[in-house]
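K.L.:
output the structure for:
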Amino acid sequence: NLLKEEYDFDLDRTLMVGDRLDTDVKFGKDGGMKSALVLTGCTTVDKLMDVDGSSGMDDVDGEPLPHIIFPHMGMMAGPKK
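P.N.:
Model prediction:
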């Protein structure tokens, strides 16, 4: 709520982007934001595959699951024209 109050964020239009499930994604989800995971840092594809998300729950094995996953930051910009 501090970020929302201090900077007047619209949490419905804010995306928390990070490379860790246990800190970045958790922070975004706990703060009421959508979260995106980028697979070029701490959380790798192998780590993500170890988290069993088959139940469809938001948190699995103590790890929060992101709303969206990007292989790298460049994917956030969309396709080249």
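K.L.:
ok, the closest residue to residue 21 other than its chain neighbours - how many residues close by?
P.N.:
The shortest distance from residue 21 to any non-neighbouring residue, by C-beta to C-beta, 6 or more residues apart in numbering, is to residue 63 (4.5 Å). The C-beta positions use only the backbone N, C-alpha and C, and glycine is treated the same way. Per other C-beta atoms under 10 Å, the neighbour tally for residue 63 reads 19.
K.L.:
next: residue 64.
P.N.:
Here the number of neighbours of residue 64 (other C-beta under 10 Å) works out to 21.
K.L.:
state the distance from it to residue 46.
P.N.:
Distance of residue 64 to residue 46, given as C-beta to C-beta, to the nearest Å: 18 Å.
K.L.:
can you check residue 67 too?
P.N.:
21 Å.
K.L.:
with residue 75 instead?
P.N.:
Distance from residue 75 to residue 46, by C-beta to C-beta: 19 Å.
K.L.:
what about the two, which has more around it?
P.N.:
More crowded of residue 75 and residue 46, by other C-beta under 10 Å: residue 75, with 14 against 8.
K.L.:
for the more buried one, grab phi and psi.
P.N.:
Dihedral pair for residue 75: phi -70, psi -20, per degrees, to the nearest 10.
K.L.:
for the protein, name the helix or strand with the lowest mean pLDDT.
P.N.:
strand 59-60 (a mean of 58; mean pLDDT, DSSP states H and E).
K.L.:
do me a favour and average the pLDDT over the helix or strand following it.
P.N.:
Using DSSP states H and E, the next helix or strand after strand 59-60 towards the C-terminus is strand 63-64. Averaging pLDDT along strand 63-64 yields 82.
K.L.:
check stretch 30-38 too.
P.N.:
So the average pLDDT for stretch 30-38 ends up being 93.
K.L.:
mind jotting down where the helices sit in this structure?
P.N.:
With helices called from DSSP state H, the chain shows them at 2-7, 26-30, 45-50.
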